[in-house]
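Chemist: Structure of the sequence below:
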Amino acid sequence: MTFKTVDLEVLSLQLNHLSKSLTDFESVLDQETETLKSTDISPLTDIVKQKHKLSELVSEQFNTLTSLLSDDHMSIKELMMLDSFSTLPKALQEQFETLDQQIITCNDKNTVNGLSVQALNSLNETLIQIFKGQDLENKTYNASGNASTPPTPTKPIGKA
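Modeler: This next block holds a predicted model:
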């Protein structure tokens, strides 16, 4: 498989647009990381909205780039592995390599943020159970073997 015939100026422009969007996306991921570390997570809603918009933009630009280069939907890494990749000018090859690194970095940061949100959610659920007076060791299971929340006692913490 080879690249479609494409204007190298247009290709470079597309790569630059995608790289800029990934830089913006990484910046929002960094903001999300800092917000998750702080005690005030109220800005998180706006950050998630920004992240969603940028994610859609990156996806759209990536699809435009890949359709410009090939009829098959391929990742940047797969495009770089094609024999015809080595025929591109060095500057374009470097743009692809930078883009690939940006994608990996954004993916890693997004994964870490997702795990942080998951851990915070689990902590909150545990605290809610404690405040309700539920025994954390007491687990009940339904007919399909899934754990279910035991009923709340009639006198949770904080009630006389």
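Chemist: and Ser67, how many neighbours?
Modeler: 12 (other CB atoms under 10 Å). Where C-beta positions appear, they are placed from N, C-alpha and C, glycine not excepted.
Chemist: And the pLDDT for it?
Modeler: If you check Ser67, the pLDDT there is 86.
Chemist: Could you list which residues are in contact with it?
Modeler: Counting by CB atoms under 8 Å, 6 or more residues apart in numbering, Ser67 makes contact with nothing.
Chemist: I'd guess it is in a helix, am I close?
Modeler: Yes: applying DSSP: H, G, I helix; E, B strand; the rest coil, one finds Ser67 inside a helix.
Chemist: what's the distance between it and His73?
Modeler: Using CB to CB, to the nearest Å, Ser67 is found at 8 Å from His73.
Chemist: same check, this time on Gly114
Modeler: 24 Å.
Chemist: So which elements touch the helix ranked longest in the chain?
Modeler: Across the chain, the longest stretch assigned as helix under DSSP state H is helix 90-132. With contacts taken as 3 or more CB pairs under 8 Å, 6 or more residues apart in numbering; DSSP states H and E, helix 90-132 sits against helix 8-37, helix 76-81.
Chemist: if you set the cut-off to 10 Å instead, what comes out?
Modeler: For helix 90-132, the elements it packs on are helix 8-37, helix 44-69, helix 76-81, judged by 3 or more CB pairs under 10 Å, 6 or more residues apart in numbering; DSSP states H and E.
Chemist: in this structure, what spans have low per-residue confidence?
Modeler: 1-3, 135-140, 148-160 (pLDDT under 70).
Chemist: Pick out the residue closest to the middle of it.
Modeler: The residue lying closest to the centre of the chain (CA atoms, centre = their mean) is Asn110, at 3.7 Å.
Chemist: just checking, that one touches Glu26?
Modeler: Yes: between Asn110 and Glu26 a contact is recorded at 9.3 Å, counting by CB atoms under 10 Å.
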